[in-house]
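Undergrad: Provided below for reference: sequence and predicted model.
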Number of protein chains: 2
Amino acid sequence: MQNTLSALAEPNRLQIIELLRRRPLAVGEIAVRLRLRQPQVSKHLRVLSDAGLVEVHPVAQQRIYSLRAEPFNELDAWLERYRRTVDERFDRLDDILREQKAKGEKDHGHSK
Amino acid sequence: MQNTLSALAEPNRLQIIELLRRRPLAVGEIAVRLRLRQPQVSKHLRVLSDAGLVEVHPVAQQRIYSLRAEPFNELDAWLERYRRTVDERFDRLDDILREQKAKGEKDHGHSK
DNA sequence: AGAGAATATACCTGTCAAGGAATATTCCGC
DNA sequence: GCGGAATATTCCTTGACAGGTATATTCTCT
């Protein structure tokens, strides 16, 4: 999760992911489309690969990179936990605010 | 989206978010629970706030931070685009691989 | 085996962001 | 207005990381 997020945090890497969403691509193709130099693309793909976001399929001297589903599913599951509690949170906020105010007054022995 | 991801990419910030998922908290509380120093917590909250991930509610000298739903919804929408294409991608991968191989052979005038 | 294409790695450099410590700011009660 | 609590901001230093360039690696074809 942490790895996934930091891998996606880099702008060029996010663009690579967006590119690969449409279809698997070779390194050179990615470099051309994003106007990046080949070495940097390879490096970014290394990071993405280590994070499990992409996988490689060699074809001759080319390496075709494609997305892997798992990390996206994990991200989805993580998000799910937030979706469930969004409503509660807003209700809760008022409670918390009141609670904090009450505590503050109590701490000072303010009886009215 | 980019901002959201890079804000979440920092480990301590992600932890702050996880904490706030349970309930809104004051800066000091966060610092204690995560064993961080107050200034760093304030700085992280600044980043999260700029990214629109959290909002502040002042209570006396305290500032109660709570999550905002919007960025999570955006993340969700972004993910949705990937969920839809996961299946296609795998089918497509084979096509691409064949396609690339065929192209390679064609480029060399290899007729059989 | 040798040439050349496609990709990966190594090394260097500069930048940016996070932590530490001190200080400024804001707010409350008296 | 003053003292003290809670938080924000500033300045400094350091480490990680991305880009640039050169070079190594891998594969194919002849």
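TA: Structure's in. What do you need?

Undergrad: so A:Tyr65, which state does it fall into?
TA: Applying DSSP: H, G, I helix; E, B strand; the rest coil to A:Tyr65 yields a three-state assignment of strand.

Undergrad: ok, and the closest non-adjacent residue to it?
TA: Leaving out its chain neighbours, the residue that sits closest to A:Tyr65 by Cβ to Cβ, 6 or more residues apart in numbering or on different chains is A:Val54, at 4.9 Å. Yep, even glycine has a C-beta here, placed from its N, CA and C like the rest.

Undergrad: okay, that neighbour: pLDDT?
TA: A:Val54 carries a pLDDT value of 96.

Undergrad: who does it bridge with?
TA: A:Leu67 (DSSP bridges).

Undergrad: isn't it right up against A:Leu48?
TA: Yes - here A:Val54 lies in contact with A:Leu48, judged by Cβ atoms under 8 Å, at a distance of 4.7 Å.

Undergrad: so which bits of chain A are right by DNA strand D?
TA: A:Glu10, A:Asn12, A:Leu36, A:Arg37, A:Pro39, A:Gln40, A:Lys43, A:His44, A:Val47, A:Pro58, A:Ala60, A:Gln61 (Cβ under 7 Å from any atom of the strand).

Undergrad: quick one: the residue in chain A that chain B sits nearest to and A:Leu79, what's the gap?
TA: Of chain A, the residue with the smallest distance to chain B, taken as Cβ to the nearest Cβ, is A:Ala9 at 3.6 Å. Counting by Cβ to Cβ, to the nearest Å, the gap from A:Ala9 to A:Leu79 is 16 Å.

Undergrad: same deal with A:Arg33?
TA: Taken as Cβ to Cβ, the spacing of A:Arg33 relative to A:Leu79 amounts to 29 Å.

Undergrad: compare those two and say which one has the larger neighbour count.
TA: Comparing A:Arg33 with A:Leu79 by neighbour count (other Cβ atoms under 10 Å in any protein chain shown), the higher total belongs to A:Leu79, at 16 against 13.

Undergrad: looks like the more buried one contacts B:Trp78 (just checking).
TA: No - using Cβ under 8 Å, A:Leu79 is not in contact with B:Trp78, being 10.0 Å away.

Undergrad: picking up where we left off before, overlap of the contact sets of A:Val54 and A:Leu48?
TA: Contact criterion Cβ atoms under 8 Å, 6 or more residues apart in numbering or on different chains; residues bridging A:Val54 and A:Leu48 by contacting each: A:Ile17, A:Tyr65.
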